[in-house]
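**Student:** all I have is the shape, not the residue letters:
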């Protein structure tokens, strides 16, 4: 009940801030051309974007959020998710001295190398978004794509600042409290920041994606959330179209300047654009892992995954320490999850427990 009240209050605060941006801040940023045509300046577009986001996206999602431990799935699996022992984690993920030795940490293809690549990708993506914000052209309602560029940049730049702030706070809180739930949240935020871009709204323009998402929301969370998701889709589809136009416009030098005349920033912008395109494919590992949990519990595989990862995180913390657990959890692949879910998939394991698959109960 306390969690529901807290979510309702936070959702209401988000909605109030959104209304304030639209009703108070936005009217103060209306400009007029010499021909007496009114338009929003850059700050007004930012207020319109974030006011709409807070009202139609953040407020309903926060208000309807549910504590993972209070879900029906969590209650069903209570007391049954202790099948992943420390020995099994070591067998799959390796010993501490093997994973974090000097040789292992210098190996670019090892676990620590993969973690550094994820961090560098996050930093590079954030730098690309900051670069786009700093090179944003002056607001001109008569310039081609000028309004679209300001809209997209005002969405990406504050969003990046917000996500990086969350990552920093979660990292500090995790290291200070050794709370593995915060560590998992930090990992998710880091992966999201590595590919964060308005281009990620592009798949939402697909009618099949719309249908699938709404059906899943209604099946797992109820009709109210399904309706809320529908409203969000109607708002995000125009943004998806804008993102394509703006992102292509940000690298228009490709067709206008010979490659050997490019400078550092041209190559940097192209690398950032390619990283944004790579993010469109989504996290295939996450999709495969969700499919594994769908086999175990079709009602709410995401909740079951969160509960199971909390158990694995606790074992990883005992074996590798809090900092080591952050590295291990950030580089957990679908093969690792498959072996941990069913230790029989790991030929190195001896005297294994039943794993989560072994705890599966056939239900009518």
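**Tutor:** Perfect, thanks for sending it. The model shown is predicted, which means the values in this text are computed figures rather than measured ones.
**Student:** how about low-confidence regions in the stretch 51-200 of the chain?
**Tutor:** 63-88, 91, 94, 96-109 (pLDDT under 70).
**Student:** 50 - rerun?
**Tutor:** Residue ranges of the stretch 51-200 of the chain with pLDDT under 50: 83.
**Student:** strands of that one, start to end?
**Tutor:** Under the criterion DSSP state E, counting those that start in this stretch, the stretch 51-200 of the chain carries no strands.
**Student:** state the pLDDT value of residue 50.
**Tutor:** Model confidence at residue 50, given as pLDDT, is 92.
**Student:** ditto for residue 18
**Tutor:** As predicted, residue 18 sits at a pLDDT of 91.
**Student:** with residue 25 instead?
**Tutor:** Residue 25 is given a pLDDT of 94.
**Student:** repeat that for residue 244.
**Tutor:** pLDDT, residue 244: 83.
**Student:** count of residues packed around it?
**Tutor:** When neighbours are counted by other Cβ atoms under 10 Å, residue 244 registers 16. Any C-beta I mention is one placed from the backbone N, CA and C, and that applies to glycine too.
**Student:** which elements pack onto the one helix or strand it maps to?
**Tutor:** If you go by DSSP states H and E, residue 244 is part of helix 223-250. With contacts taken as 3 or more Cβ pairs under 8 Å, 6 or more residues apart in numbering; DSSP states H and E, helix 223-250 sits against helix 59-63, helix 146-177, helix 207-221, helix 264-278.
**Student:** if you count neighbours, what's buried in it?
**Tutor:** For helix 223-250, the neighbour count (16 or more other Cβ atoms under 10 Å) marks 225-226, 228-229, 232-233, 236-237, 239-240, 242-244, 246-247, 250 as buried.
**Student:** centre of the chain to that helix, how far?
**Tutor:** 16 Å (Cα atoms, centre = their mean, to the nearest Å).
**Student:** now that helix against helix 146-177, angle please.
**Tutor:** 120 degrees (axes from the mean of the first three to the mean of the last three Cα atoms, to 10 degrees).
**Student:** next secondary structure after helix 223-250?
**Tutor:** Next along the chain after helix 223-250, taking DSSP H and E as the criterion, comes helix 253-256.
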